[in-house]
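K.L.:
Give me the fold of what follows.
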Amino acid sequence: MNRKGGPLDIEQFIAELLGGNIVLLVLAALIIIAIFKAVHIVPQSEKYVVERFGKLRSVLGPGINLIVPFLDRVRHKVSVLERQLPSHSQDAITADNVLVSVETSVFYRILEPEKTVYRIRDVDAAISTTVAGIVRSGIGEMELDEVQSNRQQLISKIQEQIAKAVDDWGIEVTRAEILDVNLDQATREAMLQQLNAERARRAQVTEAEGTKRSVELNAEAELYAAEQGAKARRITADAEAYATEVVAKAIKQHGIEAAQYQVALKQVEAMAEIGKGSGKQMIMLPSNIVDAFGDAFKMLKGKP
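P.N.:
Have a look, this model is predicted:
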C-alpha cells in the first residue's frame, strides 16, 4: 500500500503498539482477576468453607478474608442463622398402650459448617428423623397422663437427646417444642367419660364434706349454747347465794323484821308482775294484799 500514511501504515502502527504492550495487558488482567478471587467479604450471618484441590482448607468468618487465588475455592456458603424445621407429626404409643399423634417443632443453627457440609447431606431431614425416633422412645416410657401433665419434662428430655445426636454434625439445637398431643376419637370419648365420673365423685365428696361440716357446726353451736346456759345458771346461783347471804346478815343484825320485810317485798313484786299481763279483765289478789303493802311501809318506817 501507500508508504505515505495510508491504511496499511495505521494498521501496522496499531499492531506494533499492541504487540509491545500485550504482555502488560495480560498481566494486568491476571492481577485484577487474582485480586477478585483472593479477596472475599463474608456477611455476618454466613460462613464460607474453602477447599484446595477438593480438600478442606479453611472456614472464613465474617469480614474481609484472603485466600490463595486459583488454588483455593469457596465451595460452600453456609448460613449460621437460627432455623426452624417445619412442624412434623408422628405417631407414638404410651406406656399404657394409648396411640397418640405428637406434633413437634425444632429450632437449630449451624456452629461448625465444616462438619455439617461433609458429614450430612440433608440436615433438615436428618434432624426430623432423629426427633421422630426420640419422641417415640420418650413417650413410650410415659403413661398418657404423664405425657399431658409433664410436657415440659418430656421436651427437656427430647432436647437433651437431640443435642447429643446432632453434635457430630456441628449443629446446636436451640429449642424443641411439642405443639400438640392428639388422641383418637375413641380415646377422647373414654377420657371424657372418666372426666365426668371424676367430676361427679368430687361433687359428692364436696357435698358430704359440707354436710359433715354443717353437723359439726350445729354440734358446736349446741355445745356453746349449753355452756352459756350453764354459765348463766351459775351466775344466777351465785347471785341468789349472795342475796341469801345478805338477807342472812340482815336478819342476824336486825332480827326477824328484816325477814318479814323481804317477804312482804317479794309479795309486792309478784303482784306487780301479775298486773303487767295484757288482756286481763280480772286479776285475782290475795285477801291480805293490802296488809302486805301496809306491813312493808311500816317496816320501812321502822315500826313493827
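K.L.:
Only C-alpha atoms from now on, for both contacts and neighbour counts.
P.N.:
Fine.
K.L.:
And the strands in the stretch 151-300 of the chain, which stretches?
P.N.:
171-183 (DSSP state E, counting those that start in this stretch).
K.L.:
where does the protein have low pLDDT?
P.N.:
1-21, 188, 191, 247, 250-252, 254-304 (pLDDT under 70).
K.L.:
Against which helices or strands is the helix ranked longest in it packed?
P.N.:
When the chain is parsed with DSSP state H, its longest helix is helix 185-254. Contacts defined by 3 or more C-alpha pairs under 8 Å, 6 or more residues apart in numbering; DSSP states H and E place helix 185-254 against helix 256-275.
K.L.:
repeat that for 10 Å
P.N.:
strand 171-183, helix 256-275 (3 or more C-alpha pairs under 10 Å, 6 or more residues apart in numbering; DSSP states H and E).
K.L.:
Measure how far the first one is from the centre of its chain, please.
P.N.:
Between the mean C-alpha point of strand 171-183 and the mean C-alpha point of its chain there is a distance of 18 Å (C-alpha atoms, centre = their mean, to the nearest Å).
K.L.:
for stretch 216-231, same thing?
P.N.:
For stretch 216-231 - counting by C-alpha atoms, centre = their mean - the centre lies 46 Å from the chain centre.
K.L.:
before we move on, what about stretch 66-81?
P.N.:
48 Å.
K.L.:
And that stretch, end to end?
P.N.:
Length of stretch 66-81, first residue to last, C-alpha to C-alpha, to the nearest Å: 23 Å.
K.L.:
If you count neighbours, what's buried in it?
P.N.:
Across stretch 66-81, burial judged by 16 or more other C-alpha atoms under 10 Å covers 67, 72-74, 77-80.
K.L.:
Make a markdown table from those and add distance to Thr244 and secondary structure to it.
P.N.:
Output for the buried residues of stretch 66-81, formatted as a markdown table (distance: C-alpha to C-alpha, whole Å; DSSP: H, G, I helix; E, B strand; the rest coil):
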| residue | distance to Thr244 | secondary structure |
| --- | --- | --- |
| Ile67 | 124 | coil |
| Asp72 | 126 | strand |
| Arg73 | 125 | strand |
| Val74 | 121 | strand |
| Lys77 | 115 | strand |
| Val78 | 111 | strand |
| Ser79 | 108 | strand |
| Val80 | 105 | coil |
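K.L.:
which two in the residues you listed are spaced the farthest apart?
P.N.:
Among the buried residues of stretch 66-81, the pair separated by the greatest distance (C-alpha to C-alpha) is Asp72 and Val80, at 22.1 Å.
K.L.:
Name the nearest residue to Ile127, sequence neighbours excluded.
P.N.:
Val166 (7.5 Å; C-alpha to C-alpha, 6 or more residues apart in numbering).
K.L.:
Now do the contacts for that neighbour.
P.N.:
108, 116, 123, 126-127, 130, 172-173 (C-alpha atoms under 10 Å, 6 or more residues apart in numbering).
K.L.:
now those: which count as buried?
P.N.:
Using 16+ other C-alpha under 10 Å, the buried ones in those are 108, 116, 123, 127, 130, 172-173.
K.L.:
Mind checking which of those residues land in helices?
P.N.:
116, 123, 127, 130.
K.L.:
for the second one, what are its contacts?
P.N.:
Val123 makes contact with 85, 110, 116-117, 166, 169, 171, according to C-alpha under 10 Å, 6+ apart.
K.L.:
out of those, which one sits closest to Gln253?
P.N.:
Leu85 (111.0 Å).
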